[in-house]
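> This is a predicted model, with the sequence first.
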Number of protein chains: 2
Amino acid sequence: MELIFLGTGAGVPAKQRNVSALALDLSNERGTTWLFDCGEATQHQILHTTIKPRKIEKIFITHLHGDHIFGLPGFLGSRSFQDGTDTLTVYGPNGIKEFIEVSLRVSCTHLKYPLEIVEINEGVIFEDEQFLVEAKKLEHGIVCYGYRIIEKDLKGSLQVEKLKALGIPPGPIYKKLKDGKTVTLDDGTILHGADFVGADKPGRKLAIVGDTRISKKAIELALDVDVLVHEATFGKEDQIIAHNYYHSTTEQAAYVAKEANVKKLILNHLSSRYQGEDLNQLLIEAQQIFPNVFIAFDFYRHEITRK
Amino acid sequence: MELIFLGTGAGVPAKQRNVSALALDLSNERGTTWLFDCGEATQHQILHTTIKPRKIEKIFITHLHGDHIFGLPGFLGSRSFQDGTDTLTVYGPNGIKEFIEVSLRVSCTHLKYPLEIVEINEGVIFEDEQFLVEAKKLEHGIVCYGYRIIEKDLKGSLQVEKLKALGIPPGPIYKKLKDGKTVTLDDGTILHGADFVGADKPGRKLAIVGDTRISKKAIELALDVDVLVHEATFGKEDQIIAHNYYHSTTEQAAYVAKEANVKKLILNHLSSRYQGEDLNQLLIEAQQIFPNVFIAFDFYRHEITRK
Ligand SMILES: [Zn+2]
Ligand SMILES: [Zn+2]
């Protein structure tokens, strides 16, 4: 499980930072990659990574501002051209369906894979046996979602050696014990599954917070996560500008991280006005409130390891 | 007057060639730049040139395939963000208006400049005292236009020294003579404007031919032009593929150049399957039919000088 930052800038593309896109590489977990936002030239950024468009399974859009969605039509078309055949699901606010459908229709783009577009509301928007994704509305002038991604705990594995030592040969009993059941042997011996199954491995949790003013919802999304990716469009001295444009400062993002008790904070969506040395200053501002913080850059990779 | 190739690839972006966009720098002629097609990440390519988005006055779209239009919404938004205030006119096939309007509306992009969208038919689509632009339909499966751009002849300048030598002082007479009129002086001398005005400087002509099979209309558009930019998606051995996908080969583009009696041919819109040495082969194929030919690459600039 690795975050790959594809676009870490705000509003318009700059030489150093492209507009928004963030990949969550789940190759090891489910053989796919998820994408959060898809600004213009996201497919171009992907050309410089190991990400395969046909392996992208889900795209979560935070909001409909152009710097977060204008790369979608091109990406969807290229994924088809590059022989993607698995279903792709796009989640996003109302309007995302119209944008995609009109773009594909006008351009005569015919996809060779099934495309599902889900216009979401707050709540659990995806759940299977491995993952759960929850969306909450942030504060950005237009509808903007933040996402909380929860990996479910991995069940502990069966302690086969211990069973063999007791002289119990492999068979249907093993399956029952692994499922936590109690089994009575022919000789009357009672075996409790719990005694033969190792401890659960806790799943990982992360929060990806789209464009927003400082927001209580962001704190809720980020509660106790391993990694919080939070926008920090401005430095602390531009707090009024940040407020007026529905964005956050470095300090505010750090405050959210602290309140939510996260393990690590990654600042994202930086205005291109900050370059070189400025970034040190932004980092210091955030560190004074929340020490374990990092400022993302395009192509930065952050692995999220299991505990 | 200079052509600046921003994207010279076909279909999908590749590391070496972006999708279609071609700028015609008219800084010296009218203080603006025109753009032909606007594939995804055209605004990113522009970041690496001297082109100023706010100086782009007109965008001519050849056809609505994604690799020719998906950069439009982002470009239009960024031009506004970067303080463009002059009117921008987009010319293109039916459907271009819906694509632009839906993209801007869904993304809440509010432009600070007037945007005109003109859905065109064949014929003269723009004319002023300097330039005339004519569109013709090519053969590409969907409606696709080629453009012929004609710079009008520059009127010869008044030979002031000659008039002064005859003892005629500057005044309203000069204006009349310059306009080609005949003037009778107080002493009865008759002066013909034609005798005091230098020869006209012929305007330049170019043709930009979008995606197409080999087409008579392309020959008509290119008749006697200084520069023909023609697509050459495939090499000559892939003539059947080219036909099936409504594209041209190197040889076919060269044939059009020869039939149209153009001065120079620039091959554009190359499939990314051709790299390095392959390109030499493509060039040789074209040269065997039309010697003055060049294969465009991203950021290639070609100045079109006056005769
Ligand atoms: Zn936004
Ligand atoms: Zn095309």
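Done, it's in. Ligands and ions are numbered 1, 2, ... in the order given.

> Give the burial count for residue A:169, as a bare number.
Residue A:169: 8 surrounding residues under other C-beta atoms under 10 Å in any protein chain shown. For every residue, glycine as well, the C-beta is placed using N, CA and C.

> Look at residue A:276 and report its pLDDT.
Per-residue pLDDT puts residue A:276 at 88.

> ok, it to residue A:253 distance?
Shown here: residue A:276 relative to residue A:253, a distance of 20 Å by C-beta to C-beta, to the nearest Å.

> quick one, which of those two is more surrounded?
Neighbour totals were compared for residue A:276 and residue A:253, and residue A:253 leads with 31 against 7 (other C-beta under 10 Å).

> so what's the more buried one closest to, chain neighbours aside?
Excluding the flanking residues, the one nearest residue A:253 by C-beta to C-beta, 6 or more residues apart in numbering or on different chains is residue A:230, at 4.0 Å.

> The helix or strand where that neighbour lies: partners in the sheet, and parallel or antiparallel?
Per DSSP states H and E, residue A:230 falls inside strand A:227-231. Using DSSP bridges, the strands paired with strand A:227-231 are strand A:205-209 (parallel), strand A:264-268 (parallel).

> how about a markdown table for those, with mean neighbour count, mean pLDDT and distance to residue A:197 added?
Output for those, formatted as a markdown table (neighbours: other C-beta atoms under 10 Å in any protein chain shown; pLDDT from 0 to 100; distance: least, C-beta to C-beta, whole Å):
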| stretch | mean neighbour count | mean pLDDT | distance to residue A:197 |
| --- | --- | --- | --- |
| strand A:205-209 | 27 | 98 | 23 |
| strand A:264-268 | 26 | 98 | 31 |
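
> Turn those strands into JSON lines, columns for distance to residue A:63.
Putting these into JSON lines (distance: least, C-beta to C-beta, whole Å) gives the following:
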{"stretch": "strand A:205-209", "distance to residue A:63": "11"}
{"stretch": "strand A:264-268", "distance to residue A:63": "14"}
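
> so how far is residue B:239 from the closest residue to residue A:67 other than its chain neighbours?
The spatially closest residue to residue A:67, leaving aside those adjacent along the chain, is residue A:19, at 3.8 Å (C-beta to C-beta, 6+ apart). Distance, residue A:19 to residue B:239, using C-beta to C-beta: 40 Å.

> Looking at those two, which is more packed in?
More crowded of residue A:19 and residue B:239, by other C-beta under 10 Å: residue A:19, with 32 against 17.

> Name the helix or strand for the more buried one, please.
Using DSSP H and E, residue A:19 maps to neither a helix nor a strand.

> Could you pull up the residues touching it?
A:7, A:9-13, A:39-41, A:67-68, A:70-71, B:74 (C-beta atoms under 8 Å, 6 or more residues apart in numbering or on different chains).

> related to what we said a few turns ago, from residue A:279, how far out is the residue nearest to residue A:253?
When residue A:230 is compared with residue A:279 (using C-beta to C-beta), they lie 16 Å apart.

> what about those two, which has more around it?
The neighbour comparison of residue A:230 against residue A:279 (other C-beta under 10 Å) goes to residue A:230, with 32 against 16.

> Double-check the more buried one against residue A:265; I have them as touching.
Yes. Residue A:230 is in contact with residue A:265 according to C-beta atoms under 8 Å; the separation is 6.3 Å.

> Please name whichever of the contacts of residue A:19 scores lowest on pLDDT.
residue A:11 (92).

> which SSE is it in?
Going by DSSP H and E, residue A:11 is not in any helix or strand.

> Go ahead and confirm it touches residue B:80.
No. At 11.1 Å, residue A:11 does not count as touching residue B:80 under the criterion of C-beta under 8 Å.

> Name the nearest residue to the residue of the stretch 51-200 of chain A found nearest ligand 2, ignoring sequence neighbours.
Ranked by C-beta to the ion, the top residue of the stretch 51-200 of chain A for proximity to ligand 2 is residue A:108, at 8.8 Å. Spatial nearest neighbour of residue A:108, excluding adjacent residues (C-beta to C-beta, 6+ apart): residue B:142 at 5.5 Å.

> part of a strand, is that neighbour?
No. Residue B:142: not assigned to a strand; according to DSSP: H, G, I helix; E, B strand; the rest coil it is coil.

> Check what pLDDT it gets.
For residue B:142, pLDDT reads 96.

> again, but for residue A:187
On the pLDDT scale, residue A:187 gets 86.

> Which of the three states applies to it?
coil.
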